[in-house]
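A.B. asks: Could you work out the structure for the sequence below:
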Amino acid sequence: MTRQERSGPKGAQSGQKEERRDPNVSRRTLVQGLAVGAAAAAAGVSSALAQNAPAPVGPPTTITSPPRDFSPRGAPTTYFWDPDIIAVDPSFNDLAQPNTSIKRLFTGVLWAEGPAWSSQGRYLLWSDIPNNRQMRWSEDDGHVSVFRMPSNYSNGNSFDFQGRQLSCEHLTRRVTRYENDGTATVLADNYQGKRLNSPNDIVAHPDGSYWFTDPPYGGQLYEGEPDAAGGPSNSAGKLNPRIGQPAGFVPAKRELPTNCYRIDPSGRIDVVVTEDQVPDPNGICFSPDYKKLYVVSTGKGPGDTGPGGKGDVFVFDVGADNKPVNGKRFSDFTIDGVKCGPDGIRCDVNGNVWCSSNAGRAVGYNGVTVWSPEGKLLGRIRLPEVCGNITFGGPKRNRLFMAASQSLYAVYTATQGAGPA
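C.D. replies: Numbers count the residues shown, from 1 in each chain. Have a look, this model is predicted:
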C-alpha cells in the first residue's frame, strides 16, 4: 500500500482535505506568509479589544470600594507613590518618599492620641484615652505592649530635650513629667489657685519651658472625668464622676477659660494665648527656629459656654520675651470645599506644617494635611480613619506616625521632624 493510499482514508474519516503544496513555493516563503497573516489577524483582534477594553484598574486606596487593606497582610498598592499620598503642589514631591507606603502598625485601641517618639528608647508612645492607658510600639521588632496603666486618661505626650516624657492628663487635670530616675513630677495642675480644665497637648522649648493647651475635652465621661455636680459638663448633677475612680478621688469643676500656658523653668505658670485669641486650643507646636507658635482651635467641648473654636489653625510670632504676638489665622482647613478639622500638629525641619485631619464622614479627607510656612496646601495623606494626632520619629526622625481613631499608622517621608518629639 502506498503512502497516499494509507493517508487518504484517514483524511476522509477525519473530514480533512488533503493539503497540496505548490512545489515552486519554498518552506521559508510559506512560513513568512503565515506569520504576516497571523500578525494581521492579531492586529485586528487587538484593535477590537482596545475599543471595548475597560480603563486600567488603579491600586486600591482608602476611597475605593472595598477600601485597601493597610495591614502587613494587605496587597501591595504601588511602588512609586502610594495612591493615598497626594501631591497638591509639586513641591510636596520633595517631602514625600516615593518608594514607600502607608502601613497600619496596630489596631485595637478605643481612641488613639498623643503619639511621641523616644529617641533614647527607640519606641513610639501613644495614648489610648478611654482605656486609661498608654501604649508602646518598639522600633526593633514592631512589638506593641501596654506602657502605662492607669495613665490618668492621658491625652497629649511629648519628650523634652533631656529625653523625659511629658503627659497631659485629663483625669487629674494636670501636666506630669516622668524623670529619668523613674519618679514623676507634677508640673502644673492649677493657675492662680484654680484647677486646670484638661491639658491636651504639650511641647518643649529650648529655654527649658513647656507650653501646653487647656481645652475642656477631658470633662466628658468617655475620655476623662465629668465635672462635679453643677459644673459645665455635669450641670444637672446626674453623672457620678467617682464611679470607676480610686478611693479618695475628689471630682472638680471647671473654673478657667480655655487658655494656652507656659511653664517657666522656675515653675511659674503664665497665660501666653487667651481663649479670646484661640478658643478651645488643641494641638500646639513651634517652628524649627522657635520664632513662630502654631495653635489649633477646635470645636466646643462638653458644657463649653465660651466662644468655641471653628476648626482653624492660628500662628503667632514669638519674641525674646516669650510673648506670642501678631496672631493671625494660618488656615481655615477647608479643602476642596470640605471642612477638615485640625487636631495634632508638627513642623518639619523646613518649617512646613503637618497637621492631622478630622473630616468625619467625608471619605478621603481624613488623615494628614501638609502646608508651607506661608499657609499653602502642599499635600495630603489619606487614612481610612479620623486622625487625631501625629509626630515624627524613627531612628532618623523621618517617619511620620499617625494616631488615628482605633489604629496607629506610619509612613516614611523625605524630611525630618523639627525638635524633640
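A.B. asks: Burial check on the nearest residue to residue 109 once chain neighbours are set aside, number of neighbours?
C.D. replies: Once flanking residues are discounted, residue 109 sits nearest to residue 128: 3.9 Å by CB to CB, 6 or more residues apart in numbering. The C-beta positions use only the backbone N, C-alpha and C, and glycine is treated the same way. Residues near residue 128, counting by other CB atoms under 10 Å, number 25.
A.B. asks: Distance check, residue 128 against residue 110.
C.D. replies: Distance, residue 128 to residue 110, by CB to CB, to the nearest Å: 6 Å.
A.B. asks: buried set for stretch 238-250?
C.D. replies: 239, 241 (16 or more other CB atoms under 10 Å).
A.B. asks: picking up where we left off before, partner residues bridging the residue nearest to residue 109?
C.D. replies: Beta bridges link residue 128 to residue 112, residue 133 when assigned by DSSP bridges.
A.B. asks: And for residue 371?
C.D. replies: Note on residue 371: beta-bridge partners by DSSP bridges are residue 353, residue 377.
A.B. asks: correct me, but it touches residue 377?
C.D. replies: Yes. The pair residue 371 and residue 377 passes the contact test of CB atoms under 8 Å, sitting 5.8 Å apart.
A.B. asks: okay, the two: which has more neighbours?
C.D. replies: More crowded of residue 371 and residue 377, by other CB under 10 Å: residue 371, with 25 against 17.
A.B. asks: got a list of what the more buried one touches?
C.D. replies: Residue 371 makes contact with 330, 331, 352, 353, 354, 355, 377, 378 under the criterion CB atoms under 8 Å, 6 or more residues apart in numbering.
A.B. asks: Helix or strand with the lowest mean pLDDT in the protein?
C.D. replies: Here the helix or strand of the chain ranked lowest by mean pLDDT, DSSP states H and E is helix 3-14, holding a mean of 37.
A.B. asks: Spell out the residue ranges of the strands in the stretch 101-250 of the chain.
C.D. replies: Secondary structure of the stretch 101-250 of the chain, counting by DSSP state E, counting those that start in this stretch: strands at 103-107, 112-118, 123-128, 133-138, 144-148, 154-159, 165-169, 174-178, 184-188, 190-191, 194-195, 202-204, 210-213.
A.B. asks: With mean pLDDT and distance to residue 286 added, can I get these in TSV?
C.D. replies: What follows is the strands of the stretch 101-250 of the chain, written out as TSV (pLDDT from 0 to 100; distance: least, CB to CB, whole Å):
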stretch	mean pLDDT	distance to residue 286
strand 103-107	97	27
strand 112-118	98	15
strand 123-128	98	20
strand 133-138	98	24
strand 144-148	98	26
strand 154-159	98	11
strand 165-169	98	14
strand 174-178	98	17
strand 184-188	98	18
strand 190-191	98	21
strand 194-195	96	27
strand 202-204	98	6
strand 210-213	98	8
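A.B. asks: Redo these as JSON lines? Include distance to residue 387.
C.D. replies: Shown next, in JSON lines, are the strands of the stretch 101-250 of the chain (distance: least, CB to CB, whole Å):
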{"stretch": "strand 103-107", "distance to residue 387": "12"}
{"stretch": "strand 112-118", "distance to residue 387": "9"}
{"stretch": "strand 123-128", "distance to residue 387": "12"}
{"stretch": "strand 133-138", "distance to residue 387": "16"}
{"stretch": "strand 144-148", "distance to residue 387": "18"}
{"stretch": "strand 154-159", "distance to residue 387": "14"}
{"stretch": "strand 165-169", "distance to residue 387": "18"}
{"stretch": "strand 174-178", "distance to residue 387": "24"}
{"stretch": "strand 184-188", "distance to residue 387": "27"}
{"stretch": "strand 190-191", "distance to residue 387": "30"}
{"stretch": "strand 194-195", "distance to residue 387": "30"}
{"stretch": "strand 202-204", "distance to residue 387": "18"}
{"stretch": "strand 210-213", "distance to residue 387": "18"}
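A.B. asks: Of those, which is nearest residue 254?
C.D. replies: strand 194-195 (7.9 Å; CB to CB).
A.B. asks: sorry, back to before: now do the shared contacts for residue 371 and residue 377.
C.D. replies: When CB under 8 Å, 6+ apart defines a contact, the residues bordering residue 371 and residue 377 alike are residue 331.
A.B. asks: Assumed residue 356 was part of a strand.
C.D. replies: Yes. If the criterion is DSSP: H, G, I helix; E, B strand; the rest coil, then residue 356 is within a strand.
A.B. asks: quick one: contacts for it?
C.D. replies: With contacts defined as CB under 8 Å, 6+ apart, residue 356 is in contact with 283, 342-345, 367-368, 387-390, 402-404.
A.B. asks: from these, which ones fall inside helices?
C.D. replies: The helices in this structure, assigned by DSSP state H, contain none of the contacts of residue 356.
A.B. asks: Of those residues, just say which sits nearest to residue 243.
C.D. replies: Nearest to residue 243 among those, with distances taken as CB to CB, is residue 388, at 25.7 Å.
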